[in-house]
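In: this one's structure only:
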Ligand SMILES: [Zn+2]
């Protein structure tokens, strides 16, 4: 299992015992390193570190990946969202029923579980 570092630019500035690493007499507070993190798609050890990152790089990131300069519009064509119901009619039968729901028209179209989980499966037209 590969360990990765928290991407928080100030992670090493927070003085906690688990960040104090190194040989005796030569210890420093260091960026946290774990096999997995809970925050920011597994890149940050805490919301603090995630917020520090956004504080420092968020503006550049939004500019880089595309800043919205006009509103997006919810239309009949792009209003499809994946959802599911619990089928709780009997105790044994707790399977989910997956479907596409159009948030404008309220139309439902059945989905298989595989289609529900497939992030490439998308019937929306346009943005
Ligand atoms: Zn951190």
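Out: Nice, I can see it. The model shown is predicted, which means the values in this text are computed figures rather than measured ones. Numbering: from 1, shown residues only.
In: drop to CA atoms for contacts and neighbour counts, all remaining ones
Out: Fine.
In: Report the secondary structure element holding the residue in the chain sticking out farthest from the centre.
Out: Distance from the centre of the chain peaks at residue 25, with 40.2 Å (CA atoms, centre = their mean). Secondary structure assignment for residue 25, by DSSP states H and E: no helix or strand.
In: Read off the pLDDT value for the residue nearest to the spatial centre of the chain.
Out: The chain has residue 41 as the residue nearest its centroid, 5.2 Å off, counting by CA atoms, centre = their mean. You'll see residue 41 listed with a pLDDT of 93.
In: next one: the one 10 residues further on
Out: We note a pLDDT of 98 for residue 51 in this prediction.
In: which residues in the chain form helices?
Out: In the chain, the segments counted as helices under DSSP state H are 47-65, 113-117.
In: you'd agree residue 100 is up against residue 109?
Out: Yes: with contact defined as CA atoms under 8 Å, residue 100 counts as touching residue 109 (5.0 Å).
In: what about those two, which has more around it?
Out: Neighbour tally, residue 100 and residue 109, criterion other CA atoms under 10 Å: the higher count belongs to residue 100, 21 against 12.
In: what's the spacing between the more buried one and residue 84?
Out: Separation of residue 100 from residue 84 (CA to CA, to the nearest Å): 8 Å.
In: Okay, the closest residue to residue 78 other than its chain neighbours and the ion: tell me how far apart.
Out: In space, and not counting its chain neighbours, residue 78 is closest to residue 124: 4.7 Å by CA to CA, 6 or more residues apart in numbering. Per CA to the ion, to the nearest Å, residue 124 is found 37 Å from the ion.
In: Contact residues of the chain facing the ion?
Out: Proximity of the chain to the ion (CA under 5 Å from the ion) is limited to residues 6, 8, 11, 45, 49.
In: For ChimeraX, write the select line for the buried members of these.
Out: Here is the ChimeraX command that selects the buried residues among those (16 or more other CA atoms under 10 Å):
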select :6,8,11,45,49
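In: That concludes my questions; thank you for your assistance.
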